[in-house]
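Undergrad: Sequence below, structure please.
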Amino acid sequence: MFTHKVDDDISLKLVDHRDADAIFELTDKSRDYLKEWLPWPIFIKKVDDTKDFIKSSMQNFVDNKSMVTVILFKDKVAGIVSFNSFDWTSRIGQIGYFLGEEFQGHGIMTKVVRALMDIGFTEFRLNKIEIRVATENFKSRKIPERLGFTEEGILRQVQWLYDHYVDHVVYGMLKDEWVDLN
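TA: Take a look at the predicted model:
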């Protein structure tokens with residue numbers, strides 16, 4: 001099973017069935033906070049919904065379509081960071097993430113995204129990594145900006161969020177740029 005130590009307090013591990021209760025609890029506690037920018041929290045109503053997500057995530061990993069990892073902070077489930085999709089022909093991975101509200105402000109997400117980028121560029125041999133974020137989600141936009149991503153453009157009305165459409169900004173990092181930064 002995939003695990004990766006980020007620092008003394010933070011590690012990543014491939015999501016599995018044993019994480020269902022903790023992920024559901026984190027989602028439930030952070031539901032109002034998360035649904036400001038994410039459409040899926042309203043569909044996670046019971047732990048079985050989380051189990052379905054985990055089952056699908058595990059199958060997608062086996063099929064080489066995505067890689068969902070749990071963020072552990074001091075051995076507690078703090079969130080999820082993932083390669084939501086891979087385009088193996090063009091060698092592009094798209095990163096997505098969420099962090100429970102109580103874990104904000106510790107620099108966790110910047111560290112785990114940096115770690116996932118390193119894995120993507122070195123182990124998966126990706127040429128490009130993208131992050132797409134709602135244009136008005138300034139907190140989440142700070143992650144790719146801190147890490148030196150290039151803002152590549154705006155996708156207009158790309159996400160339906162309950163009662164309105166949301167634009168996304170696309171950030172990209174090329175492997176050569178990553179190597180130059182590190």
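Undergrad: separation between the nearest residue to Leu26 once chain neighbours are set aside and Asp75?
TA: Among residues not flanking Leu26 along the chain, Gly100 sits closest, at 4.6 Å (CB to CB, 6 or more residues apart in numbering). Quick note: C-beta positions are derived from backbone N, CA and C, even for glycine. The gap separating Gly100 from Asp75 is 14 Å, by CB to CB, to the nearest Å.
Undergrad: neighbour count winner among those two?
TA: Gly100 (22 against 8; other CB atoms under 10 Å).
Undergrad: what ranges do the strands span in the protein?
TA: 3-5, 10-14, 67-73, 76-87, 92-99, 128-134, 150-161, 164-174 (DSSP state E).
Undergrad: could you say what helices and strands the first one packs with?
TA: Just to be clear, that refers to strand 3-5. strand 10-14 (3 or more CB pairs under 8 Å, 6 or more residues apart in numbering; DSSP states H and E).
Undergrad: Output the strand it packs on in PDB, but only the C-alpha positions, please.
TA: Extracted in PDB, the C-alpha atoms of strand 10-14 (Å, rounded to 0.1, in the frame of the first residue of the first chain):
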ATOM      1  CA  ILE A  10       2.100  14.800   8.300                       C
ATOM      2  CA  SER A  11       1.800  11.800   6.100                       C
ATOM      3  CA  LEU A  12      -0.200  10.500   3.100                       C
ATOM      4  CA  LYS A  13      -1.600   7.100   2.600                       C
ATOM      5  CA  LEU A  14      -3.800   5.600  -0.100                       C
END
